[in-house]
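# pasting a predicted model and its sequence here:
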Amino acid sequence: MEKIEYIGTVYLLDHKYPEPLLNHSIKKLQQLGIKKEDITVTDSPENPKVGNIVVEVFPYHMEIARVRTIRNDSFISGSITTVELKTDAAGKYID
């Protein structure tokens, strides 16, 4: 797995997903070279900067993107990669 280069805060967007999903997502980000202390779990990033990493979590994958532009308190990001979040037959996150 390639490491993701980043500077500053990495925003993990939480849309009220279960804790096991968020914990597994943080684990996967750490495997990509992101330090746990640099990850902020939020429903909406406050004052994101161009170059920050934003991670959109879904039940079976996460989309990792970099902020490219900021307009009117909103950000536009470009996708870096998609990471699959695997589960076993019982629905427990694995790998």
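Nice, I can see it. Residues are numbered from 1 along each chain as shown.
# pairing partners for His61 in the sheet, please.
Phe58, Glu84 (DSSP bridges).
# ok, now how distant is the one residue sitting closest to the centre of the chain from Asp88?
In the chain, the residue lying closest to the centroid (Cα atoms, centre = their mean) is Val55, at 2.4 Å. Distance of Val55 to Asp88, computed by Cβ to Cβ, to the nearest Å: 23 Å. Using the backbone N, CA and C atoms, a C-beta is placed for each residue, glycine as well.
# let me see the contact set for Pro48.
Thr9, Tyr11, Val54, Val67, Ile70, Phe75 (Cβ atoms under 8 Å, 6 or more residues apart in numbering).
# can you map out the helices along the protein?
Assigned by DSSP state H, the chain shows helices spanning 19-31.
# Arg66 and Lys49 touch, don't they?
No - assessed by Cβ atoms under 8 Å, Arg66 is found out of contact with Lys49, at 10.6 Å.
# so which of those two has more stuff around it?
For Arg66 and Lys49, the more surrounded residue by other Cβ atoms under 10 Å is Arg66, and the numbers stand at 17 against 12.
# tell me what the more buried one is bridged to.
Ile53, Gly78.
# OK, contacts around Asp14?
Contacts of Asp14 by Cβ under 8 Å, 6+ apart are Leu22, Val41, Thr42, Asp43, Val57.
# just the buried ones from these?
With burial judged by 16 or more other Cβ atoms under 10 Å, the buried subset of the contacts of Asp14 is Val57.
# need the contacts of Asp14 in TSV with distance to Thr82 and pLDDT, can you?
Formatted as TSV, the contacts of Asp14 follow (distance: Cβ to Cβ, whole Å; pLDDT from 0 to 100):
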residue	distance to Thr82	pLDDT
Leu22	18	94
Val41	19	96
Thr42	21	95
Asp43	21	92
Val57	11	94
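# so which of the contacts of Asp14 comes closest to Lys16?
Asp43 (7.9 Å; Cβ to Cβ).
# correct me if wrong: the closest one contacts His15.
Yes - between Asp43 and His15 there is a contact at 6.5 Å, judged by Cβ under 8 Å.
# now Asp38: closest residue in space, sequence neighbours ignored.
Excluding the flanking residues, the one nearest Asp38 by Cβ to Cβ, 6 or more residues apart in numbering is Val10, at 5.3 Å.
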